[in-house]
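Visitor: fold the stuff below for me.
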Amino acid sequence: MNGHAYLMNPIVEGLLSTASSMAASTVVYPVNSVKVKYQTTPGASVTSIIKTMVSRGVWPPRGFYRGLGANLTTYPVFWGMFFPCKRYMTRNFTGYKYLDRVATVGMASSAGSFVSNP
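Guide: The predicted structure is shown next:
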């Protein structure tokens, strides 16, 4: 097991991964929204973009959180599947150099895509 102690229940691990992913998405999403608007709006300043986004809602400013729903459905499913799959693949496919990593990302990505693309 490469010196790693896997003591956590896979269900608890999946739930914690999901919760932390949702919290991180909610905190980082406004900054990412400003960055994307800044990159795609020629000649705009960061200050003008923030003022425009704040004016679209009262509190919390809805302009910062437009499109967050897609992240809150995709990322938690991905990370909720990733760590339990990683544990399973690490334990059962020890002789393959990269198969466990590729299969883990493939399974988690497939689950996230299935949920976010009806």
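
Visitor: what sits against the one residue sitting closest to the centre of the chain?
Guide: For the chain, Tyr75 is the residue whose C-alpha lies nearest the centre (CA atoms, centre = their mean; 3.2 Å). When contacts are counted by CB atoms under 8 Å, 6 or more residues apart in numbering, Tyr75 touches Ser21, Met22, Ser25, Gly112. The C-beta positions use only the backbone N, C-alpha and C, and glycine is treated the same way.

Visitor: where does the prediction get shaky in the protein?
Guide: 1-8, 56-61, 118 (pLDDT under 70).

Visitor: what about the residue of the chain most remote from its centre, distance to Val31?
Guide: Largest separation from the mean C-alpha position in the chain: Gly43, at 30.5 Å (CA atoms, centre = their mean). Counting by CB to CB, to the nearest Å, the gap from Gly43 to Val31 is 21 Å.

Visitor: could you do Thr94 as well?
Guide: The gap separating Thr94 from Val31 is 40 Å, by CB to CB.

Visitor: what strand or helix carries Pro42?
Guide: Remark: Pro42 resides in no helix or strand, with elements defined by DSSP states H and E.

Visitor: ah, wrong one, I meant Gly95
Guide: Going by DSSP H and E, Gly95 is not in any helix or strand.

Visitor: number of nearby residues for it?
Guide: If you count neighbours by other CB atoms under 10 Å, Gly95 ends up with 7.

Visitor: please report phi then psi for it.
Guide: For Gly95, the backbone dihedrals (degrees, to the nearest 10) come out as phi -80, psi -10.

Visitor: quick one: Ser33 and Asn71 touch, right?
Guide: No: using CB atoms under 8 Å, Ser33 makes no contact with Asn71, being 10.8 Å away.

Visitor: need the overlap of contacts for these two.
Guide: With contacts defined as CB under 8 Å, 6+ apart, no residue is shared by Ser33 and Asn71.

Visitor: so which residues of the chain form helices?
Guide: 10-40, 46-54, 68-92, 99-116 (DSSP state H).
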